[in-house]
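Enquirer: I would like the atomic coordinates for the input below:
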Amino acid sequence: MIESNQQDKTATQAAYWQARLSSDLVTEQHRREFEIWLNERPENKIAWQEVNAFWAGLDSLTEADISDAKNSRVVVFKRPGRIIRPNSLFTRPALAVAASLMLMASLIYTQGGFHFADYTTAPGKQRNVILADGSEIIMNTDTAISVDYSAQHRQITLHDGEAYFVVAPDARRPFEVQTHSGQVRALGTEFNIKTGQKDVTVTVYQHAVRVTAETGRIIESLPEGQQVAFSDDALSPVTSINVQRGQAWRNQRMIFQDKPLAEVIEELNRYRSGRIIVMNNDIKTLPVTGVFATDDTNVALKTIEQSLPITVTKITEKLVLLSAK
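Expert: You can find the predicted model right below:
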């Protein structure tokens, strides 16, 4: 029992280091600490090799592999020309712990803004914030914001996530929202900003906003009913939006019409602790149409599984795999 506990501990330590070293926030001190851990014991090196083989092997898992893994105490990854068979350090229970830890740690270390934010929301939760001037921020799932008010300005930083802004008028103090790819200034009252890994989407519901992208390009006035996306190196064309669909999240709903499965899963992941992974490229483009509740993504997954030729497999509470039937 002592040996088994030590093996599980080593496996989770390896998963922790994999997540930390993959983070954008990793430092040289972290790398030195990792090298010390890696060379402390031979078992650490073995665990490090196994956790990387485990994570990389997810890309090559077939439905048969997944089915076998559910009924086996040892997870086996098949690669062209060879089989990776984890040793006793990575029995299935240990891998479950390692996978969960890796997913949680990767979220912690890749969302540094959450550590410095004034207000945050957990996955699947929403929050209303009333500011000192009466402005309101409705925060969607997994969101982090900071507030900086002075006599001259009203500055909001949207570190990550999505928020709906209802701005109180104040001609002397502009209301501005800073994102990772640019800035949005309110010229009216109500607008929505959603950040992605690479871009930011702004939607106006009342009056207008001024958009300044990191590229230096500026939209002087994005009007009501219009939407634009921008990133560090691009600014998309302005498009019209379906107002009801755009505000669905405020009513805890997600609305999709002929959206690719990969895009739908990316949205579902925003409302979950953990990760859903689409295993096969040929199912990523399957069209999905439906209205799903944001507070129970498992129901959405079940509905999608019943509607499409896919299989949903729960490896752990934090890791779900989608594969072709």
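Enquirer: what residue ranges in the stretch 1-150 of the chain are flagged as low confidence?
Expert: 1-8, 19, 22-26, 54-115 (pLDDT under 70).
Enquirer: if you set the cut-off to 50 instead, what comes out?
Expert: 1-2, 66, 68-95, 97-98, 109-110 (pLDDT under 50).
Enquirer: the nearest residue to K194 once chain neighbours are set aside: neighbour count?
Expert: Of all residues not flanking K194 in the chain, E162 sits nearest, at 4.1 Å (C-beta to C-beta, 6 or more residues apart in numbering). (Glycine included, C-beta is placed from N, CA and C.) Taking other C-beta atoms under 10 Å as the criterion, the count of residues near E162 is 21.
Enquirer: ok, E40 next?
Expert: 11.
Enquirer: ok, now which ones touch the residue nearest the centre of the chain?
Expert: The centre of the chain sits closest to R270, judged by C-alpha atoms, centre = their mean, with a distance of 5.0 Å. By C-beta atoms under 8 Å, 6 or more residues apart in numbering, R270 lies in contact with P123, N140, T141, D142, G161, E162.
Enquirer: over to G188?
Expert: Counting by C-beta under 8 Å, 6+ apart, the residues that G188 touches are V167, V204, Q206, H207, A208, V209, E224.
Enquirer: of all those residues, which comes closest to A186?
Expert: Of all the contacts of G188, A186 sits closest to V167, with 4.4 Å by C-beta to C-beta.
Enquirer: what's the spacing between the closest one and T189?
Expert: 5 Å (C-beta to C-beta, to the nearest Å).
Enquirer: so the two - more neighbours on which side?
Expert: With other C-beta under 10 Å as the criterion, V167 and T189 differ in neighbour count, and V167 comes out ahead with 26 against 18.
Enquirer: per-residue confidence at the more buried one?
Expert: V167 carries a pLDDT score of 98 in this model.
Enquirer: surely it meets L187?
Expert: No. The criterion here is C-beta atoms under 8 Å, and V167 misses it with L187 at 9.4 Å.
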